[in-house]
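Asker: sequence first, then the predicted structure:
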Amino acid sequence: MVYIFLVILSLILLISFMVYKAHKDSINYHTIKDKRIPRAFQRFRIFFISDIHRRSINEETLRDIDQEIDIVVIGGDLLEKGVPFSRTRENIRKLKRVSESIYFIWGNNDLEVSIDELVKLLEGEGVCILSNSSINIMKENSILSLVGLEYNPYEEPNFTLASNKANGEYIILLTHRPGDFYHLDINSKDKIHMVLAGHTHGGQIRFGPLGFYEKGYLQKYRSSYVLVSEGYGYTKLPFRLGTKSECHVITIEKDVKV
């Protein structure tokens, strides 16, 4: 009887801890120094958030950002089936208080809802949707390009199409799945300076080193800096273990070292 009680108590404590972890926000600050960054974009800041899913963004978390943000990037899975559009609209309006310039790429769970309704909502809030397309951000006489890959489980990623109008001296690839970057051909990879991705949730529930996906990371791969977020939200159940509910502030700086 005592054994059964201890097992039940342990399960209750574990579930409570996983729910706590799923709602305990972490803001990760990254500084990327790269000699290829145009001087006009010195200390350009990106707020990156991915995989919001069912969550309402915590306004206190956004207020904790103590730096001026130039753009917001949403790395897909803004919502999923069953999430009311009213919650998604409110999340977008919260992010607009961080920066009016918001860019969005599709994730797999975004396709579970009415695409027409979601597009209408995003465009109505002034969000720029990048799906196998790019946008050039100009400062002074320099250009930084955001290239957004389409989420398509049936086709290989098409960087050539997505980057067709990218004229930037510095190119940032936005892709929901990290693997879509790694599956690109070498020539395409070498044109990319930074990658922002999500999708994996870091495995969401991990037992030590064991998880369905690897943990999030920021690392150099060939000539690209690759950031894979563990995501802000959760899918299906509000549980996390061994992973973080995270968002990111990325500052890019020109590396002047010879």
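Answerer: All right, it came through fine.
Asker: what's the neighbour count on residue 235?
Answerer: Neighbour count for residue 235, taken as other Cβ atoms under 10 Å: 15. C-betas here are computed from N, CA, C, even on glycine.
Asker: helix/strand/coil for the closest residue to it other than its chain neighbours?
Answerer: The shortest distance from residue 235 to any non-neighbouring residue, by Cβ to Cβ, 6 or more residues apart in numbering, is to residue 53 (5.2 Å). Secondary structure, DSSP: H, G, I helix; E, B strand; the rest coil: residue 53 is coil.
Asker: surely residue 135 and residue 129 touch.
Answerer: No: proximity of residue 135 to residue 129 does not meet the contact threshold set by Cβ atoms under 8 Å, at 10.1 Å.
Asker: which neighbours do these two share?
Answerer: By the contact definition Cβ atoms under 8 Å, 6 or more residues apart in numbering, residue 135 and residue 129 are jointly contacted by residue 103.
Asker: hang on, the earlier thing: pretty sure the residue nearest to residue 235 contacts residue 79?
Answerer: Yes: the pair residue 53 and residue 79 qualifies as a contact (Cβ under 8 Å) at a distance of 6.6 Å.
Asker: mutual contacts of these two, please.
Answerer: Counting by Cβ under 8 Å, 6+ apart, the contacts common to residue 53 and residue 79 are residue 109.
Asker: and residue 180, helix, strand or coil?
Answerer: Under the three-state scheme (three-state DSSP), residue 180 adopts helix.
Asker: so what touches stretch 117-126?
Answerer: Contacts to stretch 117-126, defined as Cβ under 8 Å, 6+ apart, come from residues 78-79, 85, 88-89, 92-93, 96, 100, 102, 104, 110, 129.
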